[in-house]
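Visitor: I would like to see how this sequence folds:
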Amino acid sequence: MFYINYFLISFSILGYGFLFTKLLGLKTRNFGFIGFYGLSLLTFLSYLTAPFFVHNFTFNIFVLALGLVFFSLVLKEKINLKKNILIHIIIFLILILFITAAKTHDDFPYYHFPYSYILTQIEHPIGLGQANPGFRNASSLFFLNSLFYLPGTEIYLMHIYSVFFLGFANTIFVNFIFDKKNFKEFKFVNFLALISIYFLNTFFYRMAEHGVDRSGMVIVFIVSLISALILKNINSKKLYKENLDLFFFTSILLALLASTKSIYLLYIPLGLVFLFFWRKNFLVIIKSYAILYSITFVSIYLLYNFINSGCIVYPADFICYYDLPWSLGRELILSDNVWFELWSKAGASPTYQVENYELYISEFNWLSNWIDNYFFNKVSDYLLGLLFLLTIFYSTFYKNFNNKKDYNNFFYKNFLLLYFFFIFIFLEWFFKHPQLRYGGYHLIALL
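Guide: Coordinates of the predicted model:
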């Protein structure tokens, strides 16, 4: 029953993805894109219904069965989807190993599972952050997870959201790797997809490490790939509609990314890079259904944060409201803010803590201890592994980049904005929360 439900959920997600493309007038047959549209729409439905409906067996069967109906209607349109369906089945068959050969994340019993399970038992309450520190930011992944509570498997599929993110990402990358049109005109995208799929399946292959962090990192890799393609052709009038559809996909991905964990809200301004080039069409783009949906999606996520803790983003003191019945105390919020930074900068662990928290995290007082206790051997091992991967990749495919045109494409001037954006995010990561799981893995690899 476990495997049957697993595959039925994957096809239900695709059904909602196809529905999403029709509602917003988006054209794509890439099952990876459609999968992420489906994940976004299902999460959105979970957000909307959680305060009013319990996500019990009856509710979830109805929601997921509806997705299967949508998928079956697409099959009746006599569109040739055999190749895409075959790729989908192969990828998700392989990923069965991902969910059966590993334990759950360490934080799963602490707050990942409890949050999702609450939604299967009662309507979403106000002030949930009072019950558990992990409930104060309402990750969209917990809401999505609550829809996988089904007869026959009950709670035992309420940990697999990460497999769908990884699976649909692999689907996107496979499609780009074998895209002949791009290979002729801009092979950089094919190779970026190839090295991304290597990286994700080498470094992110263990479900125990995913939590709510790495699903967001998976999205950033996809956004980077799509961004490269958009920026290469952004001034082409011929490809304007195609680029616009890619931009709408990126905006929906950024909204989903921001809702997985609050630190990913920093990536939303990436959309402004594209709007800068399309500033003449700014009003038309900003009024589109895709942009309005993305803004609404993020707003609902922030609303749940607010009704959980009294903070729009916890524990950002300047956007917290302390005079509400469910608000947390200012002293607690300021303390948590310091504690999160202290933990990120290796000032605390399960076995030790520094004495003066605020002195330690100020300026660069933390740096030498961070190097001793975190850079060696956590970051250094990661860098060696990454260097090994890059060396093999470069030595294998160097011959494919042997003319001036390829190098000009690689250093295409519009990419500078993308690099500057990721450098800015990297610096924010290093100065505020320099742990690999809080953004370092993907930022270091991409840069």
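Visitor: Show me what counts as buried in the helix or strand harbouring residue 184.
Guide: Assigned by DSSP states H and E, residue 184 belongs to helix 180-203. Residues of helix 180-203 classed as buried: 182-183, 186-197, 199-201, 203 (neighbour count, 16 or more other CB atoms under 10 Å). To be clear about C-beta, it is placed using only N, CA and C from the backbone, and glycine gets the same treatment.
Visitor: Also stretch 99-108?
Guide: 99, 104, 105, 108.
Visitor: So which of the residues you listed is the closest to residue 176?
Guide: Using CB to CB, the shortest approach to residue 176 within the buried residues of stretch 99-108 belongs to residue 99, at 24.9 Å.
Visitor: could you point out which element follows the host helix or strand of the closest one?
Guide: Using DSSP H and E, residue 99 maps to helix 96-100. Per DSSP H and E, the first helix or strand lying C-terminal to helix 96-100 is helix 113-119.
Visitor: contacts for that next one?
Guide: Under the contact criterion CB atoms under 8 Å, 6 or more residues apart in numbering, helix 113-119 has outside partners 46, 50, 54-55, 104, 124-125, 128, 132, 134-135, 138-139, 142-143, 145-146, 149, 155, 158-159.
Visitor: And stretch 46-53, by the same measure?
Guide: Among residues not part of stretch 46-53, those counted as contacts by CB under 8 Å, 6+ apart are 55, 59, 119, 123-124, 140, 143-144, 146-147, 297, 300-301, 304.
Visitor: And for stretch 171-182?
Guide: Outside of stretch 171-182, the residues that reach it under the criterion CB under 8 Å, 6+ apart are 30-33, 35-36, 87-88, 91, 189-190, 192-194, 196-197, 200, 222, 225, 229.
Visitor: pLDDT of the helix holding residue 184, averaged?
Guide: Over the span of helix 180-203, the pLDDT mean works out to 89.
Visitor: Type out the ChimeraX command that picks the buried ones from the contacts of helix 113-119.
Guide: Typed into ChimeraX, the next command selects the buried ones out of the contacts of helix 113-119 (criterion: 16+ other CB under 10 Å):
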select :46,50,54,55,104,124,128,134,135,138,139,142,143,145,146,149,158,159
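Visitor: In helices, which of the contacts of helix 113-119 fall?
Guide: When DSSP state H defines the helices, the subset of these inside them is 46, 142, 143, 145.
Visitor: Contact partners for the second one?
Guide: Shown here is residue 142, whose contacts under the criterion CB under 8 Å, 6+ apart are 112, 115, 116, 119.
Visitor: Check what pLDDT the third one gets.
Guide: Predicted confidence (pLDDT) at residue 116: the value is 96.
Visitor: Tell me the spacing between the closest residue in space to it that isn't next to it in sequence and residue 105.
Guide: Here the nearest residue to residue 116 in space, its sequence neighbours aside, is residue 145; by CB to CB, 6 or more residues apart in numbering that works out to 4.0 Å. Here the criterion is CB to CB, to the nearest Å. By it, residue 145 lies 12 Å from residue 105.
Visitor: And residue 235, by the same measure?
Guide: 43 Å.
Visitor: cool, residue 47 as well?
Guide: As defined by CB to CB, residue 47 lies at a distance of 22 Å from residue 105.
Visitor: Please apply the same query to residue 309.
Guide: Counting by CB to CB - residue 309 and residue 105 are separated by 22 Å.
Visitor: and the residue nearest to residue 116, what is it in contact with?
Guide: Residues 112, 116, 158, 159, 161 are the ones in contact with residue 145 under the rule CB under 8 Å, 6+ apart.
Visitor: How many residues are close by residue 165?
Guide: With neighbours defined by other CB atoms under 10 Å, the count for residue 165 comes to 26.
Visitor: List the contacts of it.
Guide: If you count contacts by CB under 8 Å, 6+ apart, residue 165 has them with 39, 215, 218, 219.
Visitor: these two touch, right, residue 443 and residue 422?
Guide: Yes: between residue 443 and residue 422 there is a contact at 6.4 Å, judged by CB atoms under 8 Å.
Visitor: Now for residue 264: which residues touch it?
Guide: For residue 264, counting by CB under 8 Å, 6+ apart, the contacting residues are 216, 220, 257, 258.
Visitor: Check the gap between residue 254 and residue 19 for me.
Guide: With the distance defined as CB to CB, residue 254 ends up 21 Å from residue 19.
Visitor: go on, residue 215?
Guide: Using CB to CB, we find residue 215 at a distance of 22 Å from residue 19.
Visitor: which of those two has more neighbours?
Guide: Using other CB under 10 Å as the criterion, residue 215 and residue 19 rank with residue 215 on top: 27 against 21.
Visitor: ok and the one helix or strand that one maps to relative to helix 180-203, angle-wise?
Guide: Counting by DSSP H and E, the element that carries residue 215 is helix 214-232. With axes from the mean of the first three to the mean of the last three CA atoms, to 10 degrees applied, the angle from helix 214-232 to helix 180-203 works out at 160 degrees.
Visitor: Remind me what helix 214-232 packs against, helices and strands.
Guide: In terms of contacts (3 or more CB pairs under 8 Å, 6 or more residues apart in numbering; DSSP states H and E), helix 214-232 is packed against helix 31-49, helix 161-177, helix 180-203, helix 240-260, helix 270-277, helix 415-432, helix 440-446.
Visitor: Residue 81: which of the ones in helices among the contacts of helix 113-119 is nearest?
Guide: Looking at the ones in helices among the contacts of helix 113-119 and their distance to residue 81, the nearest is residue 46, at 26.6 Å (CB to CB).
Visitor: how about the nearest residue to that closest one, chain neighbours excluded?
Guide: With CB to CB, 6+ apart as the criterion, residue 46 has its nearest non-adjacent residue at 3.9 Å, and that residue is residue 143.
Visitor: Equivalent analysis for residue 289, please.
Guide: Ranked by CB to CB, 6+ apart and with sequence neighbours excluded, the top spatial neighbour of residue 289 is residue 24, at 4.8 Å.
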